[in-house]
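Chemist: With the input below, show me the fold.
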Amino acid sequence: MRTLFLVLISAGLFSGCTWVKPDDQGIQVNVVYTPGEVRECAQLGTVAVSVKADVAGISRNEVKVRDELESLARNQAATMQADTILPKSDVVDGEQEFFVYRCVR
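Modeler: Here you go, the predicted structure:
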């Protein structure tokens, strides 16, 4: 019983933690939310990213999950020489797709 209690407490504490951060290159990638913002940009492709949406059966904070997905997408976009991402889909079970662009600024 005590072990179960500790597992539940740990899961509750970690459900709000952010585990993924943008790296040095990813932090330079912009996130936009409307197609009009990339009208002048070259689309380089798409990326699909995923994180854990729950820990030990307990749902993680939706904002934290979304932030982690954006961080992963920014990191991957940077490896493609991109500077901007646009969500292609909504977050579903800890997964999301993004369009990747290089924009002339």
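Chemist: so Lys21 makes contact with Glu70?
Modeler: No. Counting by CB atoms under 8 Å, Lys21 sits too far from Glu70 to count as a contact (10.7 Å). Bear in mind the C-beta positions are built from the backbone N, C-alpha and C, glycine included.
Chemist: of these two, who's got more company?
Modeler: Neighbour tally, Lys21 and Glu70, criterion other CB atoms under 10 Å: the higher count belongs to Glu70, 21 against 13.
Chemist: Who are the contact partners of the more buried one?
Modeler: 31, 85, 98 (CB atoms under 8 Å, 6 or more residues apart in numbering).
Chemist: Of the residues you listed, just say which sits nearest to Ala56.
Modeler: Checking the contacts of Glu70 against Ala56 by CB to CB gives Phe98 as the nearest, at 28.2 Å.
Chemist: Buried residues, the host helix or strand of that closest one. List them.
Modeler: Assigned by DSSP states H and E, Phe98 falls within strand 95-103. Residues of strand 95-103 classed as buried by neighbour count (16 or more other CB atoms under 10 Å): 96-101.
Chemist: Name the residues that touch it?
Modeler: Identification of contacts with strand 95-103 by CB under 8 Å, 6+ apart yields 30, 38, 40-50, 66, 69-70, 73, 76-77, 80-90.
Chemist: What's the ChimeraX line that selects buried ones from those?
Modeler: Selecting only the buried entries of the contacts of strand 95-103 in ChimeraX, with 16+ other CB under 10 Å as the criterion:
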select :30,38,41,44,46,47,49,50,66,69,70,73,76,77,80,82,83,84,85,86,87
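Chemist: hmm, back to that, out of the contacts of Glu70, flag the one nearest to Ser59.
Modeler: Proximity of these to Ser59 (CB to CB) peaks at Phe98, which lies at 22.3 Å.
Chemist: pLDDT below threshold where in the protein?
Modeler: Within the chain, the stretches with pLDDT under 70 are 1-18, 105.
Chemist: just to revisit the earlier point, in helices only, show me the contacts of strand 95-103.
Modeler: Of the positions in the contacts of strand 95-103, 66, 69-70, 73, 76-77 sit in helices, assigned by DSSP state H.
Chemist: now the residues you listed in TSV, with distance to Val55?
Modeler: Formatted as TSV, those follow (distance: CB to CB, whole Å):
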residue	distance to Val55
Arg66	16
Leu69	16
Glu70	20
Ala73	21
Gln76	23
Ala77	27
